[in-house]
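J.: Let me see the structure of the following:
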Amino acid sequence: MIEAIISIVVGLIVLVVSALSFKSSKMAPNPYLGFRIIPTLISKRVWVKINRLAGYGGIICGLIALTSPLIFRDYCFVVSISSVILMVAAYNIYSRRIVERELEYEARGERPLRRLKTIRISRVFYVIPILILALMALMFALCWSKLPTIIAVHFSASGVPNRFEEKTYFAISFLTLASSIITLIVSLIYSCDGLPLIEHDSRRVHYIRSLIKVVKLVSVLFPLIILGVLTIILTYNI
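T.: From the prediction side, this is the model:
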């Protein structure tokens with residue numbers, strides 16, 4: 001029941017956000033309202049395209065979330081959350097491709113008048129989330145035969161389990177959500193790595209630099225938190 005309620009709430013929120021995305025597409029790139037990732041802040045045309053797409057995509061994801069309790073039943077929460085996360089990841093990747101076309105990247109070209117600074121993110125930030133996801137899948141495989149059919153998946157502040165689920169349902173739900181989150185993180189890194197840092201707007205540059213720091217932190221911290229949660233659950237139930 002709670003999963004269905006959350007899915008409906010998510011659907012309504014996404015529909016509201018999609019309406020804001022349509023509104024944002026008519027505004028200049030800004031750090032306050034709209035689909036605010038680094039590629040959209042570099043180019044006005046990218047900003048308009050991605051915010052319009054986010055509006056249409058938000059309507060689709062909102063409808064999926066609202067109808068998921070009827071269609072997907074027990075997996076409605078996973079479907080509604082994952083669809084939104086993967087939509088954002090897809091827009092991250094697509095926005096990067098649009099910027100590349102806008103800036104007309106070429107392997108060979110004329111010598112530039114001035115070389116722009118570029119955003120550089122170490123490959124380590126790509127690898128860590130993917131390795132942690134693989135480790136979580138391995139942990140499930142190694143512990144599977146030792147887990148009971150019904151396992152504790154949530155605990156009170158005192159450490160007493162207060163929510164139980166069938167292990168197959170939990171494994172599918174957990175790995176689906178974890179995969180979606182890590183896909184989003186990697187897509188965020190990809191969307192900005194190697195792009196030029198256009199410095200004509202100091203406020204926007206400051207926001208972009210801050211966003212890069214957040215992306216780096218999230219790429220390590222979030223997967224580790226998810227791994228920690230899984231470790232606690234599996235350790236308790238073995």
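J.: Which residue ranges make up the domains of the protein?
T.: Per automatic domain parsing, the structural domains of the chain span 1-104, 116-238.
J.: With mean neighbour count and mean pLDDT added, can I get the ones you listed in a markdown table?
T.: C-beta: built from backbone N, CA, C; applies to glycine. Shown next, in a markdown table, are the domains of the chain (neighbours: other C-beta atoms under 10 Å; pLDDT from 0 to 100):
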| stretch | mean neighbour count | mean pLDDT |
| --- | --- | --- |
| domain 1-104 | 18 | 86 |
| domain 116-238 | 15 | 88 |
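J.: residues in contact with the spatially most central residue of the chain?
T.: In the chain, the residue lying closest to the centroid (C-alpha atoms, centre = their mean) is L184, at 2.9 Å. If a contact means C-beta atoms under 8 Å, 6 or more residues apart in numbering, then L184 has 85-86, 88-89, 92 as its contacts.
J.: swap in I60?
T.: Residues near I60 by C-beta under 8 Å, 6+ apart: M87.
J.: name the element it belongs to?
T.: Element membership of I60 [criterion: DSSP states H and E] is helix 44-71.
J.: Kindly report the same for V153.
T.: Secondary structure assignment for V153, by DSSP H and E: strand 150-155.
J.: Report the distance from that strand to the chain centre.
T.: In terms of C-alpha atoms, centre = their mean, to the nearest Å, the centre of strand 150-155 is found 26 Å from the chain centre.
J.: Can you name every helix or strand that that strand contacts?
T.: Here strand 150-155 touches strand 161-166, helix 167-192, helix 202-237, going by 3 or more C-beta pairs under 8 Å, 6 or more residues apart in numbering; DSSP states H and E.
J.: how much space is there between V220 and A4?
T.: From V220 over to A4 the distance is 34 Å, taken as C-beta to C-beta, to the nearest Å.
J.: re earlier: of the contacts of L184, closest to N162?
T.: I85 (26.3 Å; C-beta to C-beta).
J.: which residue sits closest to that closest one, ignoring its sequence neighbours?
T.: Leaving out its chain neighbours, the residue that sits closest to I85 by C-beta to C-beta, 6 or more residues apart in numbering is S180, at 4.2 Å.
J.: pretty sure A152 is touching F164, no?
T.: Yes: if you go by C-beta atoms under 8 Å, A152 and F164 touch, sitting 5.6 Å apart.
J.: Just the C-alphas of stretch 163-182, formatted as PDB.
T.: Extracted in PDB, the C-alpha atoms of stretch 163-182 (Å, rounded to 0.1, in the frame of the first residue of the first chain):
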ATOM      1  CA  ARG A 163      10.000  -4.500   7.700                       C
ATOM      2  CA  PHE A 164      10.300  -7.800   6.000                       C
ATOM      3  CA  GLU A 165      10.300  -8.800   2.300                       C
ATOM      4  CA  GLU A 166      10.700 -11.900   0.100                       C
ATOM      5  CA  LYS A 167      14.400 -12.100  -0.800                       C
ATOM      6  CA  THR A 168      13.800 -12.400  -4.600                       C
ATOM      7  CA  TYR A 169      11.600  -9.300  -4.600                       C
ATOM      8  CA  PHE A 170      14.200  -7.400  -2.500                       C
ATOM      9  CA  ALA A 171      17.100  -8.400  -4.700                       C
ATOM     10  CA  ILE A 172      15.300  -7.400  -7.900                       C
ATOM     11  CA  SER A 173      14.100  -4.100  -6.400                       C
ATOM     12  CA  PHE A 174      17.400  -3.200  -4.700                       C
ATOM     13  CA  LEU A 175      19.700  -4.000  -7.700                       C
ATOM     14  CA  THR A 176      17.300  -2.200 -10.100                       C
ATOM     15  CA  LEU A 177      17.300   1.000  -8.000                       C
ATOM     16  CA  ALA A 178      21.000   0.800  -7.400                       C
ATOM     17  CA  SER A 179      21.700   0.300 -11.100                       C
ATOM     18  CA  SER A 180      19.500   3.300 -12.000                       C
ATOM     19  CA  ILE A 181      21.200   5.500  -9.400                       C
ATOM     20  CA  ILE A 182      24.700   4.500 -10.600                       C
END
